[in-house]
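based on what follows, work out the 3D shape:
(one chain, ligands or ions: 3)
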Amino acid sequence: MSDNNRDQAALGKVGMMRQIQPEYYVMRLKAVAGDLTARQLARISSVAEQYGRGFVHLSTRQGIEIHYVHQDNLEPARLALAEEGIEMGACGPRVRSIVACPGDETCRWGVIDTKAMARELDARYFKAETPSKFKLAVTGCAHNCTKANENDIGIRGAIEPKWERSSCTDCSLCVSFCPVKAIGRRETDDSDGFQYEVDENSCINCSVCTSLCPTNAWVVGRKGYTVFIGGTMGKVPRFASVLKRIVETEEEVFDLVDKAFTCYRENGLKKERFGHMIDRIGLENIKEGLLEVTVQHKKQR
Ligand code: SF4
Ligand code: SF4
Ligand code: SF4
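Ligands and ions are numbered 1, 2, ... in the order given. From the prediction side, this is the model:
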C-alpha cells in the first residue's frame, strides 16, 4: 500500500473520503438514528459555509456530508464540529452509523423504542472492524420505514395478535384489511359458532389488526422484535432473512446481534458481505448456530 493509499484508509476510518477533485474531501458526519440538535445543525451549516461550498448532502443512511473540504481544512473543520459534539461517521470495512426511525417515541405505529436501541448498538459496535461494510437498522414496526431487511442486521418492532371472542362482532373487516391475508374465519361447533384465526406462517406481525379492529377484538398477545440477518443492497443485492420472528426481550436481541456479529467477523471473507457469507455457508446452518448458542447462553445465566 502506498503512503497515499494508507492515508486514505486512515481517513476513511474517521469518515473522510477523497473526492474525484484533487485535494478535496467529503466529511461524513455521524447522526445516530438520524438525530441532531438544532445547535448542531447550525454548527454544521457554519462549517459547510466556512470550509465547504455552502451546502450539505443528505445521505441515504440519515447522515449529513459536507463536500468540497480542502485537505488542509479537514482538521480545523473536524475540531469546529467536535466543539458542538458532532462526531465523524465511518467509511470502509467497519460498522457504519446506526439508522433508526422515530419508533414509539412519536409515531403512532411504533411498537419499540428504536432510538434507545440504536444508541446502544452504536455504543457497542460503531466503527468496529468487519470483513466488509456492516450496516444496522432499527425500525419501529412492519411499515419498515428504515428498511430493516436491507441491512446486515435489521431489527423491527413486532406484535403477535390475539383474538378475543367477547369483543368480536363478526364484521369480517379484519379478513380484508390484513395486508397478507393471514386472518381467516371458520365455523365452529360450539355456542359461538365462529372463530377468527391467524396463519402464523403468513403473519408479518404488523399490528394492523390490533390497530384497526373497530371493537378492539384483536389485542396484542406478544410484543417484541423481529431480527433479520444478511440484508444488503449494492452490486449484488440480497433481501435479509428472518433470524427470529419474535424476540421478547431487549437482552435477547443484543445477545443475537452479538452472536451474528461475531459469526461474521470469524467466518466472513475479506470484502464479503454478511448475507453473501450466509449464502456460502448456508442459511439454516447459520441460523441453527446462532439460535443454539443463544439458548445455551441463556441457560448459563
Ligand atoms: S417504521 Fe413504523 S414506527 Fe417507524 S416511523 Fe415507520 S410507521 Fe412509524
Ligand atoms: S375486525 Fe374485529 S370485530 Fe370485526 S371480525 Fe375482525 S376481530 Fe371481529
Ligand atoms: S399482525 Fe398484521 S399480518 Fe398478522 S394477522 Fe394482524 S394484520 Fe395480519
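
now do the buried residues in stretch 164-173.
Neighbour counts using 16 or more other C-beta atoms under 10 Å place C168 of stretch 164-173 among the buried residues. Quick note: C-beta positions are derived from backbone N, CA and C, even for glycine.

start and end of it, how far apart?
15 Å (C-alpha to C-alpha, to the nearest Å).

mind checking if that stretch is in reach of ligand 3?
No - Stretch 164-173 stays clear of ligand 3 (C-beta under 6 Å from any ligand atom), getting no nearer than 10.9 Å.

which residues make contact with that stretch from outside it?
With contacts defined as C-beta atoms under 8 Å, 6 or more residues apart in numbering, stretch 164-173 is touched by 185, 192, 194-196, 212-219.

distance from it to the middle of the chain?
Distance of stretch 164-173 from its chain centroid, counting by C-alpha atoms, centre = their mean, to the nearest Å, is 35 Å.

and the helices in the chain?
Under the criterion DSSP state H, the chain contains helices at 3-13, 38-51, 74-82, 114-125, 173-177, 208-212, 250-267, 274-281, 283-300.

the ones you listed: which one's closest to K135?
helix 274-281 (9.2 Å; C-beta to C-beta).

how far off centre is that closest one?
Remark: helix 274-281 is offset 19 Å from the chain centroid, using C-alpha atoms, centre = their mean.

looking at the contacts of stretch 164-173, state which has the most neighbours.
Most neighbours among those, by other C-beta atoms under 10 Å: W218, with 25 neighbours.

follow-up on the earlier one: which of the helices of the chain sits closest to ligand 2?
Distance to ligand 2, taken as C-beta to the nearest ligand atom, is lowest for helix 173-177 among the helices of the chain, at 3.2 Å.

is ligand 2 contacted by that closest one?
Yes - Helix 173-177 is in contact with ligand 2 by C-beta under 6 Å from any ligand atom, via L173, C174.

mind listing what's buried in that helix?
By neighbour count on 16+ other C-beta under 10 Å, the buried set for helix 173-177 is C174.

which residues touch F274?
Here F274 is in contact with S132, F134, D152, I153, I229, G230, T232, A260, Y264, G268 (criterion: C-beta under 8 Å, 6+ apart).

at the geometric centre of this protein, which residue sits there?
Residue closest to the average C-alpha location in the chain (C-alpha atoms, centre = their mean): A137, at 1.1 Å.

circling back to that earlier point, near ligand 2 too, which of the contacts of stretch 164-173?
Y196, C213, T215, A217, W218.

let me have those in a markdown table, extended by pLDDT.
Formatted as a markdown table, those follow (pLDDT from 0 to 100):
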| residue | pLDDT |
| --- | --- |
| Y196 | 98 |
| C213 | 97 |
| T215 | 98 |
| A217 | 98 |
| W218 | 98 |
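
between which two of the residues you listed is the distance greatest?
The farthest-apart pair in these, when distances are taken by C-beta to C-beta, is Y196 and T215, at 11.9 Å.
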